[in-house]
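Asks: Sequence first, then the predicted structure:
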Amino acid sequence: SQQGEEDPQALSIQEGENATMNCSYKTSINNLQWYRQNSGRGLVHLILIRSNEREKHSGRLRVTLDTSKKSSSLLITASRAADTASYFCAPAGGTSYGKLTFGQGTILTVHP
Amino acid sequence: DGGITQSPKYLFRKEGQNVTLSCEQNLNHDAMYWYRQDPGQGLRLIYYSQIVNDFQKGDIAEGYSVSREKKESFPLTVTSAQKNPTAFYLCASGQAVGTEAFFGQGTRLTVV
């Protein structure tokens, strides 16, 4: 099925540094979404980028999408300890219309 | 107060018993989803529904059943046929398939 594969599996940085996470997928999409999950909680939607967009910003988040390489990246600038969480991408639409599937996620730890 | 509600938060059942997890939303969303998450793992799609009275199997539907008789409700039954039912179950809804999804806080099911 169409699911994203996040890379790296785990990322550990200091407060104030930038964090970059990558997502790869296999088939065509209508959009790609990024979510965050704090331990033991539900996921929270962060940002959605459409297939005809290349870059999108939201506060300290910057998402890029390269449909020719079937990849996306999420950049969190000036990380804070509160950004510690798991981050998931979800490629949506296209050949997997109707489904919203997730990969294993990237576990981000931001040290104070 | 709009949102998506899962109940109960914790559920314990004896092996061999069926159990139903509740998921209710008052967001007027057409699409609803059920996921399973095991410790340290990503989310796996169990069932999804694009509209009331319709639902499709996800990637791991065996041992589970759902119904979508009302737009607001998408209950999940974990049957005795599910070999390893102990997990964290997440329900989500979206205005339409492939759009931003809103998640409940999850139900942690333990089968002993």
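Replies: Nice, thanks for sending it over. Residues are numbered from 1 along each chain as shown, chains lettered A, B, ... in the order given.
Asks: Apart from its neighbours in sequence, what residue is nearest the residue in chain A positioned nearest to chain B?
Replies: Using C-beta to the nearest C-beta, the single residue of chain A nearest to chain B is A:Gly42, 3.4 Å away. Glycine gets a C-beta too; all of them are placed from N, C-alpha and C. Closest residue to A:Gly42 in three dimensions, ignoring its sequence neighbours and counting by C-beta to C-beta, 6 or more residues apart in numbering or on different chains: B:Phe103, at 3.4 Å.
Asks: now do A:Leu108
Replies: A:Leu11 (5.0 Å).
Asks: The one you found reaches A:Ala19, doesn't it?
Replies: Yes - if you go by C-beta atoms under 8 Å, A:Leu11 and A:Ala19 touch, sitting 5.9 Å apart.
Asks: Now do the shared contacts for the two.
Replies: A:Leu108 (C-beta atoms under 8 Å, 6 or more residues apart in numbering or on different chains).
Asks: residues from chain A in reach of chain B?
Replies: A:1, A:30-31, A:33, A:35, A:40-45, A:48, A:88, A:90, A:92-93, A:97-105 (C-beta under 8 Å from any C-beta of the partner chain).
Asks: Of these, just the buried ones, PyMOL syntax please.
Replies: Buried subset of these, written as a PyMOL selection, criterion 16 or more other C-beta atoms under 10 Å in any protein chain shown:
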select buried, chain A and resi 30+31+33+35+41+42+43+45+48+88+90+92+93+98+99+100+101+102+103+104+105
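Asks: does A:Ser39 count as helix, strand or coil?
Replies: The local conformation at A:Ser39, judged by DSSP: H, G, I helix; E, B strand; the rest coil, is coil.
Asks: I'd like to know how many residues surround it.
Replies: 8 (other C-beta atoms under 10 Å in any protein chain shown).
Asks: which residues sit in contact with it?
Replies: With C-beta under 8 Å, 6+ apart, A:Ser39 has these contacts: A:85-86.
Asks: now swap in A:Val44 and tell me
Replies: Shown in contact with A:Val44 (C-beta under 8 Å, 6+ apart): A:35-38, B:103.
Asks: one more time with 10 Å, if that's ok
Replies: Residues near A:Val44 by C-beta atoms under 10 Å, 6 or more residues apart in numbering or on different chains: A:35-38, A:85, B:101-103.
Asks: where's it relative to B:Gly104, distance?
Replies: Here the criterion is C-beta to C-beta, to the nearest Å. By it, A:Val44 lies 12 Å from B:Gly104.
Asks: and A:Trp34, what element?
Replies: According to DSSP states H and E, A:Trp34 maps onto strand A:31-37.
Asks: Skip ahead from that strand and say which helix or strand is next.
Replies: Heading C-terminal from strand A:31-37 (DSSP H and E), you reach strand A:43-50.
Asks: which residues does residue 32 form a beta bridge with?
Replies: As the question left the chain open, I've gone with chain A. Beta-bridge partners recorded for A:Leu32 (DSSP bridges): A:Ile49, A:Pro91.
Asks: My question was about chain B, not that one.
Replies: Bridge pairing for B:Met32 - DSSP bridges - gives B:Ser49, B:Ser93.
Asks: I'd like to know how many residues surround it.
Replies: 27.
Asks: contacting residues for it?
Replies: B:4, B:23-25, B:47-52, B:55, B:66, B:68, B:71-74, B:91-94, B:101.
Asks: Please repeat the previous calculation with a cut-off of 7 Å.
Replies: B:23, B:48-49, B:68, B:74, B:91, B:93 (C-beta atoms under 7 Å, 6 or more residues apart in numbering or on different chains).
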